[in-house]
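Q: Got a predicted model here, sequence first, then my questions.
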Number of protein chains: 2
Amino acid sequence: MALQQVSCNKIFGGYQKVFSHPSKELACDMKFAIYLPPESETRKVPVLYWLSGLTCTEENFVIKAGAQRYAAEHNICIVCPDTSPRNVNLPGEDDSYDFGSGAGFYLNATQEPWKKHYNMYNYVTKELIALISENFPVVPGKQSICGHSMGGHGALICALKNPGLYSSVSAFAPISNPINAPWGQKAFQGYLGSAESGQWKEWDATELAAVYNGVPMELLIDQGTEDNFYKQKQLLPENLVAAAAKNDRLKCVLQMREGYDHSYFYIASFIGEHIGYHAKFLNA
Amino acid sequence: MALQQVSCNKIFGGYQKVFSHPSKELACDMKFAIYLPPESETRKVPVLYWLSGLTCTEENFVIKAGAQRYAAEHNICIVCPDTSPRNVNLPGEDDSYDFGSGAGFYLNATQEPWKKHYNMYNYVTKELIALISENFPVVPGKQSICGHSMGGHGALICALKNPGLYSSVSAFAPISNPINAPWGQKAFQGYLGSAESGQWKEWDATELAAVYNGVPMELLIDQGTEDNFYKQKQLLPENLVAAAAKNDRLKCVLQMREGYDHSYFYIASFIGEHIGYHAKFLNA
């Protein structure tokens, strides 16, 4: 797992870096961004994984969210993977903004031709965690996860499918019930086959919340009221809230933000609160 | 001067908007970004003008600097113009990153074919200030100016050529002595003609600092030590410091930042300090 540094910039006393590496799970070269806060020069720090949304690369969050200030304050490392395998030469992989490259949906595909490469779930929950632990000054096993939109869906399913793996989980405008939303249905059909295959429920946060039986966990969901995708019922956070309400082991907090939309301007406004939230668990 | 709203996003309780309008000084349509802080809904607020560097549009600072948080805290409006006229169909206008479109250098051109459109100095110091005062809830005459690289040069010359117009001025990694640096020499040659024309000194911050005889003024200069353009002597802040040191009416503070480069990661790290600095003057 040879890492190659792509870039390095000092910001808020720490370093924002980008690396590329050959991924075994995805069978292609991948890039990820990592913010190393000031204290990581002298001690190991916990990690917050950030999963981005449709069309993003590892770069968007790093440039637009303003998260480094808060990561520096709380001395948390932030790791942002790309949102899909890249340049794997599958037919149609670059044809849609909501399927294929830039739209890996953080699951493991079971359908041809996607299943060889589109295993973002394994990449995020296993390969990347191992890679980061082995190569950077982080506390092994001390990690939380957060994401936006498709990446909010990713954060939720990674946490719900792995009780105890993450110290905390939060999501901005997540696709909370993809099997009942157009984006999710298109992606799941392509990566997992028809709904009748029975596989869809394994990758749907609302369905997973209904059957979750791990250690007690809180799900922090953030949602802007002026988010067009929320209005178009792509996100459906209320469905997740309802499912979690019936599960004693889950507490789902839905924080509505009056007037905010789906953009990084919205994320920038509240990423400080979320990092502060995760820091309480990670620095405990 | 009809304004058309291009976009509007809520961020940190205020609104980040982009407008387009026909510019008289530049004889073309222009866009600018404006951040309206929360209190601007109920009272008039002061304005900080931000001038961006080579290759930028009105968008870069808005997306990358994280300034809205601080503008919201201090209730300051931030206005970011584009960096040059656009789509004016001059031969070669898009050929270089450091001349023509994206590289207006905040001066008034005197040479053909540029002089019809390339009058960013008049645009920034006159037309834009009038436009903002007439159309937004700002305190007339209460404005400061700040910028980066070419835009740092712009901020300095706008302030030095107009004593009292701006309440304060600061610059990140400014091109401080363009007549002695490759970027400046190329631009001044193209827009102003040969050095022998005698016009260059009118647009050079170091030369202007030497002859400044207006109200006492402080110049706050910020510079990263790992900035490649600083190392390549494109920026030359020490020349400005030396010129200001000989002028009783000027106080030039050069703040060096160990390990920081020329990027927006650097700007993001210190824009909060700069906005706090300007706020002291603007909210006094």
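A: Cool, got the structure.

Q: Please count neighbours and contacts with C-alpha atoms only from this point.
A: OK.

Q: What distance do you get for the residue nearest the centre of chain A to chain B?
A: Centroid-nearest residue in chain A: A:L51, 2.6 Å away (criterion: Cα atoms, centre = their mean). When distance is defined by Cα to the nearest Cα, to the nearest Å, A:L51 is 19 Å away from chain B.

Q: what separates the closest residue to A:T83 other than its chain neighbours from A:Q111, distance-wise?
A: Nearest non-adjacent residue to A:T83, counting by Cα to Cα, 6 or more residues apart in numbering or on different chains: A:G102, 5.1 Å away. A:G102 sits 18 Å away from A:Q111, taking Cα to Cα, to the nearest Å as the criterion.

Q: who has more neighbours, those two?
A: More neighbours surround A:G102 than the other of A:G102 and A:Q111, with 22 against 15 (other Cα atoms under 10 Å in any protein chain shown).

Q: sorry, back to before: list the contacts for the residue nearest to the centre of chain A?
A: When contacts are counted by Cα atoms under 8 Å, 6 or more residues apart in numbering or on different chains, A:L51 touches A:80-83, A:145-148, A:150-152, A:154-155.

Q: who's it bridged to?
A: A:G147 (DSSP bridges).

Q: So which residues on chain A come close to chain B?
A: Residues of chain A lying near chain B by Cα under 8 Å from any Cα of the partner chain: A:9-13, A:63-66, A:69, A:259-261, A:263, A:265-266, A:268-269.

Q: Please flag which of the residues you listed sit within helices.
A: Counted as lying in helices by DSSP state H, out of the residues of chain A next to chain B, are A:63-64, A:69, A:265-266, A:268-269.

Q: out of those residues, who's nearest B:L165?
A: Proximity of those to B:L165 (Cα to Cα) peaks at A:F265, which lies at 31.5 Å.

Q: Would you confirm that the closest one contacts B:G13?
A: No. A:F265 sits out of contact with B:G13 when judged by Cα atoms under 8 Å, with a separation of 10.5 Å.

Q: the more surrounded of these two?
A: A:F265 (23 against 19).

Q: what about the nearest residue to the more buried one once chain neighbours are set aside, neighbour count?
A: Excluding its sequence neighbours, the residue lying closest to A:F265 (Cα to Cα, 6+ apart) is B:I11, at 5.2 Å. B:I11 has 26 neighbours, counted by other Cα under 10 Å.

Q: list the contacts for B:I11?
A: A:260, A:265-266, A:268-269, B:68.

Q: what does A:F136 give?
A: Per Cα under 8 Å, 6+ apart, neighbours of A:F136: none.

Q: And A:C146, by the same measure?
A: Counting by Cα under 8 Å, 6+ apart, the residues that A:C146 touches are A:48-51, A:152, A:155-156, A:169-172.

Q: Just name the closest of those to B:Y123, please.
A: Proximity of these to B:Y123 (Cα to Cα) peaks at A:F172, which lies at 39.8 Å.

Q: now that closest one, which residues is it bridged with?
A: With DSSP bridges as the rule, A:F172 is bridged to A:H148, A:D222.

Q: Tell me, how many residues neighbour it?
A: 28.

Q: ok, it touching A:M150?
A: No. With contact defined as Cα under 8 Å, A:F172 does not count as touching A:M150 (9.5 Å).

Q: Pull stretch A:24-36 out as PDB, backbone CA atoms only.
A: Output of stretch A:24-36 as PDB, limited to C-alpha atoms (Å, rounded to 0.1, in the frame of the first residue of the first chain):
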ATOM      1  CA  LYS A  24      -7.000  -3.400  -3.300                       C
ATOM      2  CA  GLU A  25     -10.700  -3.200  -2.700                       C
ATOM      3  CA  LEU A  26     -11.400  -0.900  -5.600                       C
ATOM      4  CA  ALA A  27      -8.700  -2.300  -8.000                       C
ATOM      5  CA  CYS A  28      -7.600   1.200  -9.000                       C
ATOM      6  CA  ASP A  29      -5.500   4.100  -7.800                       C
ATOM      7  CA  MET A  30      -7.400   6.400  -5.400                       C
ATOM      8  CA  LYS A  31      -6.800   9.700  -3.800                       C
ATOM      9  CA  PHE A  32      -7.700  10.900  -0.300                       C
ATOM     10  CA  ALA A  33      -7.200  14.100   1.500                       C
ATOM     11  CA  ILE A  34      -6.000  14.300   5.100                       C
ATOM     12  CA  TYR A  35      -5.800  17.200   7.500                       C
ATOM     13  CA  LEU A  36      -3.200  16.700  10.200                       C
END
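
Q: contacts for that stretch?
A: The contact list for stretch A:24-36 (Cα under 8 Å, 6+ apart) reads A:14-23, A:58-59, A:62, A:68, A:71, A:76-82, A:85-88, A:116-120, A:122-123, A:127.

Q: In strands, which of those appear?
A: Counted as lying in strands by DSSP state E, out of those, are A:14-23, A:77-81.

Q: which of those residues count as buried?
A: Neighbour counting by 16 or more other Cα atoms under 10 Å in any protein chain shown classes A:14-21, A:23, A:77-81 among the ones in strands among the contacts of stretch A:24-36 as buried.

Q: tell me the two of those residues that are most distant?
A: A:G14 and A:S23 (26.3 Å).

Q: burial measure for A:Q232, as a count.
A: Per other Cα under 10 Å, the neighbour tally for A:Q232 reads 11.

Q: Now do the helices in the stretch 101-250 of chain A.
A: A:120-122, A:128-135, A:150-160, A:182-192, A:205-211, A:228-231, A:237-245 (DSSP state H, counting those that start in this stretch).

Q: Make JSON lines from those and add mean pLDDT to it.
A: Below are the helices of the stretch 101-250 of chain A laid out as JSON lines (pLDDT from 0 to 100):
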{"stretch": "helix A:120-122", "mean pLDDT": "98"}
{"stretch": "helix A:128-135", "mean pLDDT": "97"}
{"stretch": "helix A:150-160", "mean pLDDT": "98"}
{"stretch": "helix A:182-192", "mean pLDDT": "98"}
{"stretch": "helix A:205-211", "mean pLDDT": "98"}
{"stretch": "helix A:228-231", "mean pLDDT": "98"}
{"stretch": "helix A:237-245", "mean pLDDT": "98"}
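
Q: tell me the most buried of these?
A: helix A:150-160 (a mean of 29; mean count of other Cα atoms under 10 Å in any protein chain shown).

Q: For the residue of chain A positioned farthest from its centre, grab phi and psi.
A: Most distant residue from the mean C-alpha position of chain A: A:T42, 27.9 Å away (Cα atoms, centre = their mean). Note on A:T42: its backbone torsions stand at phi -120, psi -10 [degrees, to the nearest 10].

Q: swap in A:Y277?
A: Taking degrees, to the nearest 10 as the convention, A:Y277 sits at phi -60, psi -50.

Q: Relative to chain B, how far out is it?
A: Taking Cα to the nearest Cα, one finds A:Y277 at 18 Å from chain B.

Q: Give me the neighbour count for that residue.
A: Look at A:Y277: counted by other Cα under 10 Å, it has 15 neighbours.

Q: Roughly how far does it sit from A:L219?
A: 11 Å.

Q: Tell me how many other residues surround A:K280.
A: With other Cα under 10 Å as criterion, A:K280 counts 12.

Q: Please spell out which residues along the helix or strand hosting it are buried.
A: Per DSSP states H and E: A:K280 is located in helix A:264-282. When burial is assessed from 16+ other Cα under 10 Å, helix A:264-282 yields the following buried residues: A:264-272, A:274-276, A:278-279, A:281-282.
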